[in-house]
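>>> Provided below for reference: sequence and predicted model.
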Amino acid sequence: KGRNRFNSFLFKQFGMGAKLDGRRLKLYGIGRVRVRWHRPLEGTIKTVRILHKAGRWYACFTCEVPEPQALPETGRAVGLDVGINALLTTSDGTKIAHPAFYRAGQQKLRLLQRKLSRVKPGSNNRRKALLAVQRQQAHVANQRQDFLHKVTTHLAKTKRVIVVEDLSVSGLLKNPKLARHIADVGWGEFRRMLAYKCPWYGSRLVEANRYFPSSKMCSCCGQVLESLPLDVREWDCPACGAHHDRDVNAAKNLLALALAG
């Protein structure tokens, strides 16, 4: 097939078409390929997928490994409220700001896309310009992935119970005013990482119902407001007079919901 028709191909059985030769990877029809190893391989290798992405080639190994041994329970329970300005707010008042990698690199991406739109289709210059755009987008995605890995690993190691809302991220992305910011934060990926890391470190992930009024309910007396617009970040309870930060109050309510069973 043409080299531009597919961006990956799979060797379904390791040892037939693909096998290790020292620190190199031997591929059928290609030969011995130098590999920059990300980490030592673990378990039994089952398949190998060769992937071309943003001008670089990757070898993705699928390995069968034994179930990880869960670590002893440590830390305490915590409620998490995700947001746009702050990636997450904990029930103890801690806020972790999101670096907004996409917005930080948006100016450079605009320049590269403008250059791409001006070059002649089918030319070598267009292929170079397209590659520059792809690498910038891949760079932003790698930054976001690295940041989320560090945050979720720290939470899974230090907290016994983690409570989050079961948000419909795909539905929220339909909002034309917030879609770009929500995609930049990566709520879905954040929850996915927590889901598989918590069992590794002896923690438990609890997902609260998305219709639970965590932001509109007073964490002191339980009074529920009829409405609370998104632009209202702080409010006072009309029943008990308590002053709340919107995100901290939501995280406290999520924690109380999980502790109450």
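That came in fine, so what should we check first?

>>> Check the burial of residue 240 by counting its neighbours.
11 (other C-beta atoms under 10 Å). From N, CA and C alone the C-beta is placed, and that goes for glycine too.

>>> before we move on, what SS does it have?
Following DSSP: H, G, I helix; E, B strand; the rest coil, the label given to residue 240 is coil.

>>> Would you agree it is in contact with residue 218?
Yes: the criterion here is C-beta atoms under 8 Å, and residue 240 meets it with residue 218 at 6.5 Å.

>>> How much space separates residue 20 from residue 60?
As judged by C-beta to C-beta, to the nearest Å, residue 20 and residue 60 stand 14 Å apart.

>>> Oops, could you answer that again for residue 82 instead?
Taking C-beta to C-beta, one finds residue 82 at 29 Å from residue 60.

>>> Can you tell me the element residue 229 falls in?
When elements are defined using DSSP states H and E, residue 229 is found to belong to no helix and no strand.

>>> Now do it: how many residues are near it, please.
Neighbourhood size, residue 229 [other C-beta under 10 Å]: 6.

>>> Likewise for residue 168?
Counted with other C-beta under 10 Å, residue 168 comes out at 11.

>>> re earlier: tell me which of residue 20 and residue 60 has more neighbours.
Remark: of residue 20 and residue 60, residue 20 carries more neighbours, 15 against 11, as counted by other C-beta under 10 Å.

>>> SS state for that one?
strand.

>>> is it in a bridge, and if so with what?
The partner list for residue 20 in beta bridges (DSSP bridges) reads residue 25.

>>> Would you mind measuring the gap between the ends of stretch 156-175?
The stretch stretch 156-175 measures 31 Å between its terminal residues, going by C-alpha to C-alpha, to the nearest Å.

>>> So for the protein, which residue is the most central one in space?
Nearest to the geometric centre of the chain sits residue 189, at 2.9 Å (C-alpha atoms, centre = their mean).

>>> ok, that one touching residue 147?
No: contact criterion C-beta under 8 Å: residue 189 and residue 147 do not qualify, at 10.3 Å.

>>> Would you indicate which residues of the longest helix along the chain are buried?
If you go by DSSP state H, the chain has its longest helix at helix 124-158. Across helix 124-158, burial judged by 16 or more other C-beta atoms under 10 Å covers 126, 129-130, 132-134, 136-137, 140, 144, 147-148, 151-152, 155-157.
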